[in-house]
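Engineer: Fold the stuff below for me.
(chains A and B)
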Amino acid sequence: MRVTNNLIYGQSSRAIGQANEKILNIQEKVAAQTDIVKPSDNPVGASQVLMYQADTHKLKLFDDAMKMATSNLEYQEVALDSLNDSLDEVRTLFIQAQNDINTQEDLEAIAQEISMITESMAELMNARSADGSYIFAGTDSLGPPFVLNSNGRYEWTGNEGQKFAQISEGMRIPVTDSGKKLFQDIWTNRSFTSDLITGDVSLSAKVQNQGDFDQFMEDHYDPENPDSNRYFLTTSPILEEGESVDLNDYLYTGSNDREDQQRRRAFDGTPGTYSIVNNDGETVASGSYTAGKPITFGGMLFLLRGEPGAVVNVSLDQPRRDNVLNEINDTLDVLKNEFSTPEEREQAFFDATTSINNAQRMVGEGRSNVGARLNILQDREDFSSANQLSNATAQDRIGGLDIAEAATELSMKESALTASQKVFSRISNLSLFNQM
Amino acid sequence: MSSGLYSIGLTGLQSSNARINTTGQNTANVDTEGYSRQRTDTTSSPVGGVVIHDTSRLVDNFVSAQMRSDQSNYAYYDTYHSMMTVADNLLAEDSIALTGYLNKAFNALQTANNDPTSSSLRELAYSSLNNLVDQYQTLSSIVSRQEQLVDEQLSVSLTKLNTITTKISDLNGKILREEGLSISPANELRDQQELLAKELSQYLDIKVQFSDKGLMTVQLKNGQPVVMNQDPTELKVLPDPLDPQKIRLVVDFGDYDVALKTNELGGSIGGLVDFRSEFSEYADRTLGQHAISIADAMNVQNAKGLDANGNFGRDIFALGDIEIYSTQDNLNKLSDISVRVSAGESAKITKDTYELTRTDDDRFAITKYDANGRANGPSVIFDPSVLTPDSHGYYKIDELGLDIRVADFDKIDDNDEFRFIPTEDAANSLALYAKNGDALALSAPIGVDTDSNNLSDAKISLESITNTDPNTSAFAFDATLYPNAPHKIYFTSPTSYVIHDASGTELAEVKNVTHYSNLLEQAGLASEAGFDVSVSSRPQVGDEFSIGTDNVGPADNFNGVALVNLQNKLLVEGEASLAKAFAGFVSYVGSKTAELAGHAESSEIIMNDSMARRDRLSAVSLDEEAVNLLKYQQSYSASAQVVTAARTTFETLLGIMR
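Structural biologist: Numbers count the residues shown, from 1 in each chain, chains lettered A, B, ... in the order given. Model prediction:
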């Protein structure tokens, strides 16, 4: 082969240039601490790294959402917890108040304490988060959801909206619960109304067994047709065959004064019969009637004194929901009124307790809901951090720099450069002209 | 006899002298670019002595042709590659990659969702959206700056190219003259000419041929002449009115132009042209498609909610107008035609070029052409007389996801062509239409309410908002519900319900309900209402649930969550999420660059090899010249000795006479 000057110098300069370029590439990788400095270093890897980065970022976004959700839910949890404690306390005080040895002054004192607790409960229901929004107000979070109106009743002014957080691609959880569900829409004690249509009797009626009555309501209450919620209790003397009684013959005295009561008490007690018919005229219960002996039906108790021959109109009240604060306050009003009868007080205690129980049930449900969501969040956070770790590992596997390899490569290229330089300096001296 | 000896000695001296001259020339030009070593050929004379034949170059035309072709190959890949490295270097940079900006924007939106009532969080989201828009423009400017660079380089290259062709034809004339005067070839001029040809091959892939007289003609690879004998032609760039983004090269023959096929030009000009038509076009359209996807999706989603002021969300982003191109004689018709992307249809937009033509009296066709100019799928034929335009006169072409408006369809003649590329320049023209963070519609437009007198504990919840267009949904312009829209759901039994409007008129009745989600859909009202609701558990007789615009709270983030969730949706062509589409683009750039780097490297090795082959034959070796010098010096001395010998012989003869 003919070796020319161009060849010798060209080859040497190329060799040195290439060696330099390689060292520069390694240097770049070491400086950037990655194997993929430019997408062209590993096009597939580069896009994978980008995808892993995007995925990690998405997870971080969900992490942020979860943090937000957790802090929101924890606020709720704390408020609900305290509320539950308060309700416990109120119930205890009410039980205490039911004790007959309490004087009116004692009752006043208890009522005072309960009303303080009620106020603090109202404060909890109007709880605010760190950013100042009312957490139980639904999405109407700029104003308090429970407002004390001029009648002294707490009124719901929030809405049912919920704030959501997206905690994974397909998962959205509510981070707030509306106070409407938790506190406002609480069933109050179910009740019925009874009035005497005709008959010379004194009537007292009450719910004897709330459970039975609730069940009865559940089974028979018709929200669409108010008339079908009416029943008629009729007492009549035992009649001979073929005898009939015109109800209009009975004396109707609506009054129940002392005279009336004495007259009725004076009744000799001849037993009769009673029957209860519904609005369609079907007899749903019947039995024998003795004056002063209670008649029970569907958890309701009717006590009639006086001779048989009376008609009582019974109608089931529409079930009503209200917040527990109003119910407690109603009971307190009865308590504080020194003229209220023991029956009224008993009923009032009963109403309040039922409301408290129902409220506690909702609060409990709310707490377990919040707890469940917090658990989900915990699980998702664990998953997310594991996922991020695996993303980071995968990213490192694809684009990470193997320091040892890079260092080895660097020294290899360095020695290659040194060798090329040496070869050049040798060759450049090899000219025949030098020897002439 | 001795006079013969003298003349032999003389010719020896002359030839040695000539050879030493040649050696000197070779040695002197050892580093001259394009110099081919020369050799002086001699023949022995039948009458004694040596005859100098000529001094010629040692070249192999085949090796030179090979070298030129390898060089233009290398120049092609090297130019293309070096243009690509700009995009390659920048795209992976964290501060430039779009994914980072997308993440930040969605992150800020998410933060705003935490507290939709906070105007500072809304502003934060707004400014990150602004940054995102800027980033689209930055990326698009990287592409357009490269395009400008290509245009400038191209015009410089063409100027140089035209100068070179002029010089080559000039040299043809000089060579013809000089070689007419001497027996030796015009070595230096030919070297120069070949050097020019080599330089030329860096710009374009050329074929070099020599005429009978040894004059150089240069042709392009496809046979187009560039230098014919002593006539150079001129290459220039002409814009294409139908597609101004494409580069069209023409050969100027003075009276007329001949268009060049721009594919397979080779050389650095070919590299520039291909970069322009393959990569920068692809990059611009990809980014444009991306920008259209996000803008359309965000705008459509934003319209489904209420902004901070309680109005339906307006557009967040604005896209520029789609440019329409046509031939020179139809330019006056362009102002009548406009095209836009149909709202919510961005997934149908492709990177293709669209062409509008007339097929017959009533009907028009839109055909899509891909990057290589091939028709992509069958043409979409439409008849404007059976379509109803919207209030702005736009006809919606469902298959393409485009709205088109033509002021007067009759003006379009049978052979007219109108071209447009929806994705072209879209990333650059993307702008933020919203004026501040209040424009973000985070809240749902309606709220739901469970009647407190309900016997069951079932709760109603908003399931979805699908449409808030006042013309096609239950929502009026002022963000209220039309009175005849569903307002109440009343359960007549746990498994049946009726839907009432605002005045209590029954709209629909559903019986035998098995599940309580999407109640309006079950009633067949969901699509005309534009929303749907669900009930959480089994309701009871008489339960009532209402839907209204009154109980929407300012902290509602129903729509905000949907906005953030767009990042998980397959927005780009319905196939890829925003992040994935961008990663795909990066991967394209990476693999294209890597491919070109590979080609550039291998073509460099091939080029170096053929240069080495040329050098082995034609380059100067100093060692060789040193040996030659000694050799010719010796032969000069020897010839001089012959002359001395002739003289001595002659003197000896004279001495005998004495």
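
Engineer: neighbours around residue B:174, how many?
Structural biologist: Residue B:174 sits with 14 neighbouring residues when counted by other Cβ atoms under 10 Å in any protein chain shown. From N, CA and C alone the C-beta is placed, and that goes for glycine too.

Engineer: try residue B:158
Structural biologist: By other Cβ under 10 Å, 18 other residues sit near residue B:158.

Engineer: okay, it: pLDDT?
Structural biologist: Residue B:158 is assigned 90 on the pLDDT scale.

Engineer: same thing with residue A:294?
Structural biologist: 86.

Engineer: again with the one 3 residues further on
Structural biologist: As predicted, residue A:297 sits at a pLDDT of 87.

Engineer: what about the nearest residue to it once chain neighbours are set aside, how many residues close to it?
Structural biologist: Spatial nearest neighbour of residue A:297, chain neighbours left out: residue A:285 (5.0 Å); criterion: Cβ to Cβ, 6 or more residues apart in numbering or on different chains. Each residue near residue A:285 was counted by other Cβ under 10 Å, and the total is 15.

Engineer: quick one: buried residues of the strand or helix carrying residue A:285?
Structural biologist: Counting by DSSP states H and E, the element that carries residue A:285 is strand A:283-289. Applying a neighbour-count criterion of 16 or more other Cβ atoms under 10 Å in any protein chain shown, the buried positions in strand A:283-289 are residue A:289.

Engineer: packing partners for that strand?
Structural biologist: Applying 3 or more Cβ pairs under 8 Å, 6 or more residues apart in numbering or on different chains; DSSP states H and E, one finds that strand A:283-289 contacts strand A:272-278, strand A:295-297.

Engineer: That strand versus strand A:272-278: what angle between them?
Structural biologist: If you take axes from the mean of the first three to the mean of the last three Cα atoms, to 10 degrees, strand A:283-289 sits at 160 degrees to strand A:272-278.

Engineer: longest helix anywhere in the chain?
Structural biologist: Because you didn't say which chain, this covers chain A. Using DSSP state H, we find that the single longest helix of chain A is helix A:342-399.

Engineer: wrong one, chain B
Structural biologist: In terms of residue count, the longest helix belonging to chain B (DSSP H) is helix B:119-181.

Engineer: so how far is that one from its chain's centroid?
Structural biologist: From the chain centre to the centre of helix B:119-181 is a distance of 13 Å (Cα atoms, centre = their mean, to the nearest Å).

Engineer: which SS state does residue B:235 fall under?
Structural biologist: strand (DSSP: H, G, I helix; E, B strand; the rest coil).

Engineer: what is it paired to in the beta sheet?
Structural biologist: Beta-bridge partners for residue B:235, by DSSP bridges, are residue B:251.

Engineer: can you pull the pLDDT of it?
Structural biologist: pLDDT at residue B:235 comes out at 84.

Engineer: Return, as residue ranges, the portions of chain A with sub-threshold pLDDT.
Structural biologist: A:239-256 (pLDDT under 70).

Engineer: Would you state the strands of it in chain order?
Structural biologist: A:146-148, A:154-156, A:164-168, A:171-174, A:192-198, A:201-207, A:230-237, A:272-278, A:283-289, A:295-297, A:300-306, A:310-316 (DSSP state E).

Engineer: so of these, which one's packed in deepest?
Structural biologist: strand A:164-168 (a mean of 23; mean count of other Cβ atoms under 10 Å in any protein chain shown).

Engineer: In contact with residue B:140, which residues?
Structural biologist: B:284, B:287-288, B:425, B:427-428 (Cβ atoms under 8 Å, 6 or more residues apart in numbering or on different chains).

Engineer: Select from the residues you listed the one having the most neighbours.
Structural biologist: Among the contacts of residue B:140, residue B:427 has the most neighbours (other Cβ under 10 Å), with 31 neighbours.

Engineer: mind listing what's buried in stretch B:72-84?
Structural biologist: Neighbour-count burial for stretch B:72-84 [16+ other Cβ under 10 Å]: B:72-81, B:83-84.

Engineer: Find the nearest non-adjacent residue to the spatially most central residue of chain A, please.
Structural biologist: Ranked by distance to the mean C-alpha position of chain A (Cα atoms, centre = their mean), the top residue is residue A:366 at 3.4 Å. Leaving aside its sequence neighbours, residue A:366 sits nearest to residue A:182 (Cβ to Cβ, 6+ apart; 4.8 Å).

Engineer: Residue A:322 now?
Structural biologist: residue A:188 is the one closest to residue A:322 (Cβ to Cβ, 6+ apart), at 5.3 Å.

Engineer: and what of residue B:78?
Structural biologist: Nearest one to residue B:78, counting by Cβ to Cβ, 6+ apart, is residue B:600 at 4.9 Å.

Engineer: Assign a three-state SS to that neighbour, would you?
Structural biologist: Residue B:600 is classified as helix under three-state DSSP.

Engineer: To what extent is it buried, counted in neighbours?
Structural biologist: Residue B:600: 23 neighbours (other Cβ under 10 Å).

Engineer: hang on, it packs against residue B:81?
Structural biologist: Yes - counting by Cβ atoms under 8 Å, residue B:600 does reach residue B:81; the two are 4.6 Å apart.

Engineer: burial count for residue B:16?
Structural biologist: Neighbour count of residue B:16, defined by other Cβ under 10 Å: 23.

Engineer: Next, the contact list for the residue nearest to residue A:322, please.
Structural biologist: By Cβ under 8 Å, 6+ apart, the contact list for residue A:188 reads A:319-322, A:327, A:351, A:354-355, A:358.

Engineer: Many thanks, have a good one.
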